[in-house]
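# this is a predicted model, with the sequence first.
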Amino acid sequence: MVDVAAKDVTHRIAIAAGRITMLKDTLALISSGSAKKGDVLGIARIAAIQAAKRTADLIPLCHPLPLTRVAVSFELDAGNNAVLCTAQVETLGRTGVEMEALTAVQIGLLTIYDMCKAVDRGMVMGNIRVLEKHGGKSGDWVGA
């Protein structure tokens, strides 16, 4: 792992997002809350939060961080038959939380896939990216 001992402890924030596209009927199933496995978005939110907390267990050389906040939201995009996932992760620490935010988004989307794959195996996850990061020596960064 990279030595971060000399870095200052600062409030660090990362916001990441991604999407999963699907059949119109699959989105309707999610929206209505009638999926056989239960509340798709509620369960995906819990999975995403758990994933952010376990990032260092999943990604080699990633620092384990004491997270102070993980907020995950989902937005239904009926026009594109998609669900958008956004995760904001925060800590007071010596290294950033971009990996935790990205992991949360990806696991949230994978959970949607898992819960709906019986009716739609053609779902596609994509456009997973960091939108913003704040704090630390390099300061603020906002994507285009």
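On my side now, so go ahead.

# next, the residue nearest the centre of the chain: secondary structure please.
Closest to where the C-alpha atoms of the chain average out (Cα atoms, centre = their mean) is V105, at 1.8 Å. Following DSSP: H, G, I helix; E, B strand; the rest coil, V105 is assigned to helix.

# quick one: it and V89 touch, right?
No: checked against Cβ atoms under 8 Å, the pair V105 and V89 is beyond contact range at 9.9 Å. Where you see a C-beta, it was placed from the backbone N, CA and C, and this is true even at glycine.

# now for these two: what residues contact both?
A16 (Cβ atoms under 8 Å, 6 or more residues apart in numbering).

# quick revisit: what residues are up against the residue nearest to the centre of the chain?
When contacts are counted by Cβ under 8 Å, 6+ apart, V105 touches A16, A17, G18, A48, C85, T86, A87, I128.

# and it, how far from I128?
Distance, V105 to I128, by Cβ to Cβ, to the nearest Å: 6 Å.

# got any residues that touch both of those two?
With Cβ under 8 Å, 6+ apart as the test, V105 and I128 both reach A16, A17, G18.

# many thanks, we can stop here.
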